[in-house]
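# show me the folded form of this:
(one chain, ligands or ions: 1)
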Amino acid sequence: MKMNKEDLVLREVCLDDCKLLFRWANDSQVRKNSLSSEIISWETHQKWFNEKVKQPEHCQIFILETKNKTPIGQIRFNRDGTSVKISYSVDTIFRGQELGTILVEKGTEAILKTWQDITVIAGIIKPENIASKKVFERNNFILTSKDCCLEYRKVIKNTDKIER
Ligand SMILES: CC(C)(COP(=O)(O)OP(=O)(O)OC[C@H]1O[C@@H](n2cnc3c(N)ncnc32)[C@H](O)[C@@H]1OP(=O)(O)O)[C@@H](O)C(=O)NCCC(=O)NCCS
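Predicted coordinates:
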């Protein structure tokens, strides 16, 4: 059955999500599409996760799930000044159903509420990552750089900002 935007909820990450994010981080397609492709150890992941959740002013992670709490995917925003980088993934069993497109749409809405002063959101992907190219294009991100990796950017206008 096709899932719609209305059937899905985006929530903030919590400490109990550490294992879930570990499983997703080591998914073979996620590692292949990542700029650093080595497998991540549980110890490295735990340390990384604990650092990230301690710094909500620099990093925000959200989980997309169904209304009965089946996890679908994750989206992470890392902030540097007023620029933000996106990294996201959909669980392998839910790919190809436009859920990546919904994840980036809902994630972008959420981060604009959380960080109201940001000016640019960007995603950097490998050129062969066709699924992600489509996801960014469908969310009106603009291709701005085509070196070894592609950079998709969304410049935030005041009209994009949503009241808290
Ligand atoms: C990128 C990703 C999140 C896309 O999620 P998704 O839910 O499958 O995305 P969508 O269903 O919205 O698919 C987007 C389009 O890509 C297509 N697509 C999906 N996988 C594809 C593949 N391996 N090769 C080519 N096209 C693919 C889909 O068919 C769809 O196109 P269509 O609607 O024209 O048929 C998912 O593939 C993923 O988790 N990949 C690993 C992590 C990753 O690459 N993250 C992005 C980098 S930060």
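# next up, the contacts around F22.
Counting by Cβ atoms under 8 Å, 6 or more residues apart in numbering, F22 touches 40, 42, 45-46, 49. Every C-beta, even on glycine, is put in place using the N, C-alpha and C of the backbone.
# then K67?
K67 is in contact with 7-9, counting by Cβ under 8 Å, 6+ apart.
# lowest-confidence one in those residues?
pLDDT across the contacts of K67 is lowest for D7, at 94.
# any idea how far the ligand is from I39?
15 Å (Cβ to the nearest ligand atom, to the nearest Å).
# with adjacent residues omitted, what lies nearest to that residue?
N26 (5.8 Å; Cβ to Cβ, 6 or more residues apart in numbering).
# from what I see, the one you found and E38 are in contact.
No - N26 is beyond contact range of E38, at 9.9 Å (criterion: Cβ atoms under 8 Å).
# how is the residue nearest the centre of the chain assigned, secondary-structure-wise?
When Cα atoms, centre = their mean is applied to the chain, the residue found nearest the centroid is I75 (2.4 Å). Secondary structure, DSSP: H, G, I helix; E, B strand; the rest coil: I75 is strand.
# shift numbering so it begins at 712
Noted, 712 is the first residue going forward, which turns the last one into I786.
# got the buried residues for stretch 859-875?
Residues of stretch 859-875 classed as buried: 861-865, 867 (neighbour count, 16 or more other Cβ atoms under 10 Å).
# and if you look at stretch 736-749?
Buried-residue list, stretch 736-749, by 16+ other Cβ under 10 Å: 736, 738, 741, 744-745.
# out of those, who's nearest I772?
A736 (11.4 Å; Cβ to Cβ).
# in the protein, what helix or strand scores lowest on average pLDDT?
When each helix and strand of the chain is scored by mean pLDDT, DSSP states H and E, strand 853-857 comes last, with a mean of 90.
# and the next helix or strand past it?
Toward the C-terminus, strand 853-857 is succeeded by strand 861-866 as the next helix or strand (DSSP states H and E).
# and the angle for that next one with strand 853-857?
140 degrees (axes from the mean of the first three to the mean of the last three Cα atoms, to 10 degrees).
# strand partners of strand 861-866, parallel vs antiparallel please.
Strand pairing for strand 861-866, using DSSP bridges, gives strand 831-836 (antiparallel), strand 853-857 (antiparallel).
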